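# One predicted model, sequence on top.
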Amino acid sequence: MQRETLGSRLGFMFLSAGCAIGLGNVWRFPFITGQYGGAAFVLIYIVFLLFLALPILVMEFAVGRASQKSVSQSFSVLSKHKIWSLWGYVGWFACVLLMMYYTVVAGWMIAYAFFSASGILQGLNPQDIGRTFGEFISNPERSALWLYVAVSIGFIVCCAGLRNGVERVTKIMMCGLFVIMIILAVRAVTLDGAEKGISFYLKPDFKNLTSKGLWTTVYAALGQSFFTLGLGIGSMAVFGSYISKEYSLTGESLMIAGLDTLVALISGLIIFPACFAYGIEPNAGPGLIFVTLPNMFNSMPNGRIWGTLFFLFMSFAALSTVIAVFENIIACFMDKLGWPRLRSSIVTCVGIFILSLPCAFGFNIWSGFQPLGAGSNVLDLEDFILSNNILPIGTTIYILFCVTRYGWGWDAFIKEADTGKGLKFPKFLRNYLTYVAPVIMLVIFIAGYYEKFF
């Protein structure tokens, strides 16, 4: 079976950026920035993004482009040491695990876009809005319905093919995301009182870094820079397998990381000025999205329109990741089993819907299951397995695979990364990537457990 390819460089950019740009950018980044001191935190985050996440992104793309395979097969194609291929199956499982809870939250975003547009939230007082969200996630039928909507959108797009479905829809969705995001940011920064939020967000105050402890803040920035691109599970590698060797991978990776960071930064320009203008704490946590901000939109002139645009923006961010990771899972079936796209898409989407039900039911009929202690749920468990375990381990494996002679090897990696026009990979980073970066990943792994349990 001849491998599909993307139709354009722009398609690769938007598809890869769409995979990276998700709720971690537009949901987690603003509230974690609010928790850890605003602009000073952002500066530390950008430093870690450039010196840790970006080189690993180049590695994933290089492994994918050289092997012309998805994560399930790429390691075995490039190395004679078959032990590396075991991670291919773990990476595939990790993509499935991510979708087991990400599709649930994507469904929430789509539902709230509908609620805002239809006026269901309009005129409700703060207590009613909080109760509306609680009743929504506590209803198993409604949770399953909106999960079905999110999975169905992914299925329809992926069934249409790589170029006609995934690439075309992602281009439209990403363009829409940027347009809506700019409109919302302009509205937010022109609100009365918004200047305090802009100052908090863009003017560094290094005294704020010590408010929760310097190490805690640094670790939070390190973790956000690493997790924002979803590295370590091959979700990016598959897009490398779809592109030509016309351009070098460092320049492509820099642009994708730049788009990812731009969305995160502009999301802050939407949320912080609006929060300060209406006297809302910017570190309110996840409840900020579904409870606090809808209250704020009800207080704004034409709030129904702004609320609808905001949740449409959130839906596009979530669905771009859903579609991209679905494509990765589907590609694994096509590479490993030789299945056609239609069969791979059906098995993937039916399987994801069924496997996602425990997360959807974890807020209602299975709420008594609290795997990580009182107040935890199925989503917390699934996110912990992926974010605190598989991602840091997988990233370390990609690093070692590309720098050691027991894997693919440094020379082979550099040759692939530097093939084509554009920015070349800085070779002086070899010792850093060989000896320092794996230690950083070990620190992330250990610190994740410490923060979770101690």
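Ah, there it is. Numbers count the residues shown, from 1 in each chain.

# what number of residues lie near residue 385?
Residues contacting residue 385 under the criterion other CB atoms under 10 Å number 15. In short, each C-beta sits where N, CA and C put it, glycine included.

# what about it, distance to residue 220?
Residue 385 sits 20 Å away from residue 220, going by CB to CB, to the nearest Å.

# which residue packs closest to residue 407, ignoring adjacent ones?
Once flanking residues are discounted, residue 407 sits nearest to residue 401: 3.7 Å by CB to CB, 6 or more residues apart in numbering.

# and the helix or strand containing the one you found, C-alpha only, in CSV?
In this structure, residue 401 sits in helix 391-403 according to DSSP states H and E. Provided in CSV are the C-alpha atoms of helix 391-403 (Å, rounded to 0.1, in the frame of the first residue of the first chain):
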residue,chain,number,x,y,z
LEU,A,391,5.5,11.2,28.4
PRO,A,392,8.8,11.7,30.4
ILE,A,393,9.9,8.1,29.8
GLY,A,394,9.0,8.3,26.1
THR,A,395,10.9,11.5,25.6
THR,A,396,14.0,10.0,27.2
ILE,A,397,13.7,7.1,24.9
TYR,A,398,13.5,9.3,21.8
ILE,A,399,16.6,11.2,23.1
LEU,A,400,18.6,8.1,23.7
PHE,A,401,17.5,6.5,20.4
CYS,A,402,18.8,9.5,18.5
VAL,A,403,22.1,10.1,20.3
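
# Let me see the mean pLDDT of it.
Helix 391-403 shows an average pLDDT of 94 in the prediction.

# name the helices or strands packed onto it?
Applying 3 or more CB pairs under 8 Å, 6 or more residues apart in numbering; DSSP states H and E, one finds that helix 391-403 makes contact with helix 54-67, helix 85-118, helix 214-227, helix 410-418, helix 437-453.

# let's go with 7 Å and repeat that
helix 54-67, helix 85-118, helix 410-418, helix 437-453 (3 or more CB pairs under 7 Å, 6 or more residues apart in numbering; DSSP states H and E).

# List the contacts of the first one.
Outside helix 54-67, the residues that touch it by CB atoms under 7 Å, 6 or more residues apart in numbering are 73-74, 77-78, 229, 231, 234, 236-241, 243, 245, 249-250, 252-254, 257, 395, 398-399, 402, 413, 416-417, 425, 429, 433.

# mean confidence score for that helix?
The pLDDT scores in helix 54-67 average 95.

# Of all the residues in that helix, which ones are buried?
54-67 (16 or more other CB atoms under 10 Å).

# tell me which of those is nearest to residue 370?
residue 56 (33.9 Å; CB to CB).

# Quick check: the closest one vs residue 165, distance?
According to CB to CB, residue 56 and residue 165 sit 28 Å apart.

# now swap in residue 270 and tell me
For residue 270, the distance to residue 165 (CB to CB) stands at 29 Å.

# if you count what's nearby, which of those two comes out ahead?
Neighbours per residue (other CB under 10 Å) separate residue 270 from residue 165, with residue 270 holding more: 26 against 18.

# shaky segments in the chain?
1-2, 208-209, 212, 282-287 (pLDDT under 70).

# any idea which residue of it is furthest from its center?
residue 123 (32.9 Å; CA atoms, centre = their mean).

# Leaving out chain neighbours, which residue sits closest to that residue?
Nearest to residue 123 is residue 298, by CB to CB, 6+ apart, at 7.0 Å.

# And for residue 84?
Sequence neighbours aside, residue 75 is the residue nearest to residue 84 in space, at 4.1 Å (criterion: CB to CB, 6+ apart).

# Report the secondary structure element holding residue 376.
Using DSSP H and E, residue 376 falls outside every helix and strand.

# Fine by me, thanks again.
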